[in-house]
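In: build the 3D model from these lines:
(one chain, ligands or ions: 1)
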Amino acid sequence: AAKYGCPADSIALGRGTWRLLHSMAAYYPDKPTVEVQNDMFAFIKIFSKFYPCPPCAEDFRNWLKSHTPDVSSRSGLSRWFCDAHNEVNVKLGKPEFDCNLIDQRWKDGWADGSCD
Ligand code: FAD
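Out: Predicted coordinates:
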């Protein structure tokens, strides 16, 4: 990845962005109001237009066409972002992440206490 303090390359940008997106999902309400659901839906759509890696953003927009964001709940949104991230992992030849572990990775910390 690019040196810290220098312009972000696709690796540094991706790491920082996934950190933000998965954390946003971790803080999303269990029972969001319709307004909140609409806002998250709009955020994802607009994000897909401005993500500052044009080929990445284009692939993400195409994936979005067949994978409607699940904005119905925290767990649904967390799972949806996990699936989105796995789509990129597969494209890049990386292992898929086990989405059953999403809350430990991004919300609660690992069950073995290693994040405490
Ligand atoms: P990252 O993939 O950045 O992951 C960071 C951490 O997230 C991992 O260490 C792991 O703990 C956790 N994690 C991994 N998978 C998941 C998952 N499925 N759910 C939850 N947590 C997970 N790069 C390209 O080269 N080409 C692209 O087309 C491309 N498209 C992208 C599209 C988007 C919307 C975003 C946000 C990023 C994209 N990237 C793309 C960047 C790429 O996904 C990685 O961020 C980058 O390659 C750095 O990878 P990394 O191995 O450091 O870990």
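
In: where exactly do the helices run in this protein?
Out: Remark: helices assigned in the chain by DSSP state H are 10-27, 34-50, 54-66, 74-91, 102-103.

In: tell me which strands and helices the third one is in contact with?
Out: Just to be clear, that refers to helix 54-66. Applying 3 or more Cβ pairs under 8 Å, 6 or more residues apart in numbering; DSSP states H and E, one finds that helix 54-66 makes contact with helix 34-50, helix 74-91. Placement of C-beta: from N, CA and C, glycine included.

In: 7 Å instead?
Out: Here helix 54-66 touches helix 34-50, going by 3 or more Cβ pairs under 7 Å, 6 or more residues apart in numbering; DSSP states H and E.

In: what do you get for the shortest one?
Out: Packing contacts for helix 102-103, counted by 3+ Cβ pairs under 7 Å, 6+ apart, involve helix 74-91.

In: identify all contacting residues around the helix it packs on.
Out: 18, 21-22, 25-26, 28-30, 40, 63, 67, 69-71, 95-97, 99, 102-103 (Cβ atoms under 7 Å, 6 or more residues apart in numbering).
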